[in-house]
Every structure is written in C-alpha cells, then in structure tokens.
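Asker: Have a look at this prediction, sequence included:
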Amino acid sequence: MSKAIIPAFSISDNPAEISASLDEAGCAVVQGMFSEEQCAQMRAELDPHLEHALYADEDQTADFYPAKTKRITGLVARCPAVRELAMHPVTTALCDHHLLPNCEKYNLHVTAGLIVGPGARSQVLHREEDPFDYFPVPRPNLVIASMAALTEFTADNGGTLLAPGSHRWQQGRVAEDSETVPAEMPQGSMLFWLGGTLHGAGANITQDWRHGVILSYSLGWLRQEENQYLNLPDDVLADLSDELKDRIGVTMHGSLGLYDPRVRGSKSQMSLPKNLTS
C-alpha cells in the first residue's frame, strides 16, 4: 500500500485548488501564509502565557493531552497578532467553500497556542467534530481547523499526524500506520484539515520545542468549543473590527444568539439586533 500524502500548496495558488484537495484528502498545507515578522510577534505575545501554562512530565498513553506539552486558549485577547491571521483571505475562502453550504455564517471555534516539548508522545488520533457525536460518521462539514507553524514542523519534532481521506471513513475504522503521515512544513505555513479528518500531535524525539497556533471555525448554529465571549474582556472586544466580532460570533445567526448590549451597559458591542428597539 502506498504511503499517504498531505497535498502542499503555495500562498499564490488558487484557493479553489486548495479547496478541491481538502474535499479529496481532508487536509492540505499552504506555505507562506504569514511572514517572519508576524511569526516573531506572535511568539513574543504567546511566550509569556505559555511559560506559565500547565505542564506535566509524565502521563498515561490513553490521556488525551500528552505530557511534555503546553496549551493556552483565549488568543484573540492574549495575542493581538492572531487577529489578522484569523481573518486571512485564504482561510476565509476555504471556510466559505466548506462551511457556508451548511450555515448562514461561521464562527471562530477554537484558538490555542500549542507547544510540543522534547520527549512528548504522539496524541491519540481524533476528529475536531467529535463533540458533535449525535451526527453519524462520516458527518457533513461542521468544522475546519488550521495549524500555523511558528517553528518548522518535521516528522521528528511532533509535526501533526493526519490520516488523509479519513473524513470519509465509516465509524470505527482505525488508521493503519501506512495511512497516517506527519505534516512537514516550514515556518510561516498553515496546515488545514476538515473536522472529520483523524489527526493528532506527533511524537517529539528531538531536543527542540515545536510551536504552533490552532485556529478552527465551525458552523454558526453550533456551540463553539471555546467560549469566545468569556475569553474576551469588554475593553478588548471594543477594539476589534466589526468583521472580527462577526467571526467570533457576536452577531446573530438567523434567530440564534439574541442579545441586548444594554444589559451589560457596554458600548463595545455591535448595534442592537434588528428585532430590538433602542
């Protein structure tokens, strides 16, 4: 059996071609998504928070989060440089293609800074959309996820493992070794995968830390995995563009998400919903 591969693209490639690969393989790498300067800024903003993140030296192989790794969420508030990345036109084009057929608008689902340390084991393979297990597998497109490479990703330093094509597998099918492949990509790249694609952080057998940022997006009528609203102080929310507020989920999806900004006494919210009067 031939080894699985992850399709690779450049930022200059047609987003329609990237979408087609996502349809087929369930994953794709796009190089050149952000600059060295953007990367340095994200690292500078994330590192102080990651320094104090929870860390364990030992764990059980069945634990979902491996030891020797660190994770933080709330990046829209903690890492202003991530805000531009969350609205990247390539990401928007992919979400438009894969998510909009099933919703009126999509929302930012998870933001996380993730570092994989020396000696970390590989993570249990899973699907981003597993919390929505009332939909039978294979599910319609519910989530698109991305991983921004703040350092080079290799097979040895914990590059994300994926099983291309697994977004179409039936429930219970287990990925064989020949069906999984690590995402190898230079700094500045982004790995995209559909919510139904099996994946997990790889094992790090080097002496270096692997740094990445996860940004995922979900259908606007689904509950977001990260509570974006509680992770955003009013003063931070006030400074965000209307477009990013919409992406976070401040605006309504049809009749869902009704709110009245007067209740919080805040001017940081967007205008009143149309079915409320001032």
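Answerer: Yep, that arrived. Numbering: from 1, shown residues only.
Asker: Grab the CA positions of the lowest-mean-pLDDT helix or strand in the chain and hand them over as PDB.
Answerer: When the helices and strands of the chain are scored by mean pLDDT, DSSP states H and E, helix 234-239 comes last with a mean of 91. In PDB, the C-alpha atoms belonging to helix 234-239 read as follows (Å, rounded to 0.1, in the frame of the first residue of the first chain):
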ATOM      1  CA  ASP A 234     -15.100  44.300  27.100                       C
ATOM      2  CA  ASP A 235     -12.200  46.600  26.500                       C
ATOM      3  CA  VAL A 236     -10.600  44.100  24.100                       C
ATOM      4  CA  LEU A 237     -13.900  43.500  22.300                       C
ATOM      5  CA  ALA A 238     -14.300  47.200  21.900                       C
ATOM      6  CA  ASP A 239     -11.100  47.500  19.800                       C
END
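Asker: Which positions in that helix come out as buried?
Answerer: Applying a neighbour-count criterion of 16 or more other CB atoms under 10 Å, one finds 236, 237 buried in helix 234-239. (C-beta placed from N, C-alpha, C; glycine too.)
Asker: And stretch 215-230, by the same measure?
Answerer: Buried-residue list, stretch 215-230, by 16+ other CB under 10 Å: 215, 216, 217, 218, 219, 220, 221, 222, 224, 225, 226, 228.
Asker: contacting residues around that stretch?
Answerer: 73-76, 82, 85-86, 91, 95, 99, 102-112, 128, 131-132, 142-146, 148, 195, 247-250, 253-254, 256 (CB atoms under 8 Å, 6 or more residues apart in numbering).
Asker: What's the end-to-end length of it?
Answerer: One end of stretch 215-230 sits 17 Å from the other (CA to CA, to the nearest Å).
Asker: what's the spacing between that stretch and its chain's center?
Answerer: Here stretch 215-230 is found 11 Å from its chain centre; the criterion is CA atoms, centre = their mean, to the nearest Å.
Asker: what do you get for stretch 224-243?
Answerer: On CA atoms, centre = their mean, the centre of stretch 224-243 falls 17 Å from that of its chain.
Asker: Stretch 195-205 now?
Answerer: Going by CA atoms, centre = their mean, where stretch 195-205 is centred and where its chain is centred differ by 13 Å.
Asker: mind checking the end-to-end distance for that stretch?
Answerer: Span of stretch 195-205 from end to end, CA to CA: 27 Å.
Asker: If we go by neighbour counts, what in it is buried?
Answerer: For stretch 195-205, by 16+ other CB under 10 Å, it's 195, 196, 197, 198, 199, 200, 201, 202, 203, 204.
Asker: swap in stretch 129-136?
Answerer: For stretch 129-136, by 16+ other CB under 10 Å, it's 129, 132.
Asker: re the thing from before, which members of the contacts of stretch 215-230 occur in strands, if any?
Answerer: Using DSSP state E, the members of those that fall within strands are 73, 106-112, 143-146, 148.
Asker: from those, which is closest to residue 13?
Answerer: Of all these, the one with the least separation from residue 13 (CB to CB) is residue 146, at 15.9 Å.
Asker: any idea how far residue 229 is from the closest one?
Answerer: 22 Å (CB to CB, to the nearest Å).
Asker: still on that earlier bit, drop anything exposed from the contacts of stretch 215-230.
Answerer: For the contacts of stretch 215-230, buried by 16+ other CB under 10 Å: 73-76, 82, 85-86, 91, 95, 99, 103, 105-112, 128, 132, 142-146, 148, 195, 247-250, 253.
Asker: Contact partners for residue 141?
Answerer: Here residue 141 is in contact with 98, 99, 101, 102, 194, 195, 196 (CB under 8 Å, 6+ apart).
Asker: Could you dump those residues into a markdown table and include pLDDT and distance to residue 16?
Answerer: Shown next, in a markdown table, are the contacts of residue 141 (pLDDT from 0 to 100; distance: CB to CB, whole Å):
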| residue | pLDDT | distance to residue 16 |
| --- | --- | --- |
| 98 | 98 | 12 |
| 99 | 98 | 15 |
| 101 | 97 | 15 |
| 102 | 96 | 19 |
| 194 | 98 | 16 |
| 195 | 98 | 20 |
| 196 | 98 | 21 |
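Asker: Many thanks, have a good one.
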